[in-house]
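A.B. asks: My questions concern the predicted model and sequence given below.
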Amino acid sequence: MRKNLLVVGLTASALASCARQQATAPSAPEKAPPVAGEIGSRMPDFALKGLDGHAISSNDLHSKVVLIDFWATWCKPCEKEMPGYQRLVDRYGPRGFIVIGLTLDTLKDSKNPRAFATKIGVRYPLAVATDDLKARCGGIKALPTAMIYDRQGILRAKIIGFEREEVIESAVKPLL
C-alpha cells in the first residue's frame, strides 16, 4: 500500500511539474512587421511642400484611402496613367479617396511638373519625393509605381508599371 501511495505521489508530482512547464513555456514568436514597401507595411510619415506651395502631410491622410503615385514628366506610362487617377479622385473623393503624386528627382524632369500636370488634367496634390521618403516606401525601382493604402494606413496594393484605370479602381473600391 505504501508502495502504491509512493507511485501515486510521484505520478502526481510529475504531472504537476509538466503542467507548470506547459504554463510557463514561451509562446510562439511574434511575426516581424512587414518591410517598408511590402504589402502589409505602414504608410511612412511625411511632410512635403506641394508644387502649388501647400503642405502635404501624412497626418492629413488618416481615415482616407490613399494612392501614392511615383511619376516623372519624362515617363510616358505615367502621363497615360495620371488622368485615370484624376477620374478616380473625381468619382471617389467624396467617399474618402485621395491621390498624392510624387515626382522623382532622380532624372531631371523634361517639363515643368506643375504645367505638365495641368496640361493632362491632373488636379490632385503633387510634390517632389525626397530620397528619404523613397527609401521609407521601400525604394522605387521603376516608374510609374502606385501604392494603395487603406484607411488604417496599411499598404494593400503596390503596382509597378502602367496599369489600366479599371484595375486600380477594382483595388480601391473595396477599401472605401
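C.D. replies: Everything's here; your move. Numbering: from 1, shown residues only.

A.B. asks: what is the most centrally placed residue in the chain paired to in the beta sheet?
C.D. replies: Closest residue to the average C-alpha location of the chain: Leu155 at 2.7 Å, with CA atoms, centre = their mean. On the basis of DSSP bridges, Leu155 takes part in beta bridges with Tyr149.

A.B. asks: Quick check, pLDDT for it.
C.D. replies: Confidence per residue is given as pLDDT, and for Leu155 that number is 98.

A.B. asks: Distance of it relative to Val35?
C.D. replies: Leu155 sits 11 Å away from Val35, taking CB to CB, to the nearest Å as the criterion. Quick note: C-beta positions are derived from backbone N, CA and C, even for glycine.

A.B. asks: Ok, Trp74 next?
C.D. replies: For Trp74, the distance to Val35 (CB to CB) stands at 29 Å.

A.B. asks: So which of those two has more stuff around it?
C.D. replies: In terms of neighbours (other CB atoms under 10 Å), Trp74 is the more surrounded of Trp74 and Val35; the figures are 15 against 9.

A.B. asks: What helix or strand is that one located in?
C.D. replies: No secondary structure element spans Trp74, as it lies outside all helices and strands (assigned by DSSP states H and E).

A.B. asks: Now it. Nearest residue, chain neighbours left out?
C.D. replies: In this structure, Trp74 finds its nearest non-sequential neighbour in Ser110, 4.4 Å apart by CB to CB, 6 or more residues apart in numbering.

A.B. asks: that's a strand at the one you found, yeah?
C.D. replies: No - in this structure, Ser110 is coil, not part of a strand, as judged by DSSP: H, G, I helix; E, B strand; the rest coil.

A.B. asks: and it, backbone torsions?
C.D. replies: Taking degrees, to the nearest 10, you get phi -80, psi -20 for the backbone angles of Ser110.

A.B. asks: Go ahead and confirm it touches Lys76.
C.D. replies: No - contact status for Ser110 versus Lys76: not in contact, 10.7 Å apart, counting by CB atoms under 8 Å.

A.B. asks: hmm, back to that, and the gap between the residue nearest to the centre of the chain and Gly138?
C.D. replies: 9 Å.

A.B. asks: residues shared between the contacts of the two?
C.D. replies: Between them, Leu155 and Gly138 share the neighbouring residues 37-38, 41, with contact defined by CB atoms under 8 Å, 6 or more residues apart in numbering.

A.B. asks: Buried ones among those residues?
C.D. replies: Neighbour counting over the shared contacts of Leu155 and Gly138 (16 or more other CB atoms under 10 Å) leaves 37, 41 as the buried ones.

A.B. asks: So among the shared contacts of Leu155 and Gly138, where is pLDDT lowest?
C.D. replies: Looking at pLDDT alone, the shared contacts of Leu155 and Gly138 dip lowest at Gly37, where the score is 92.
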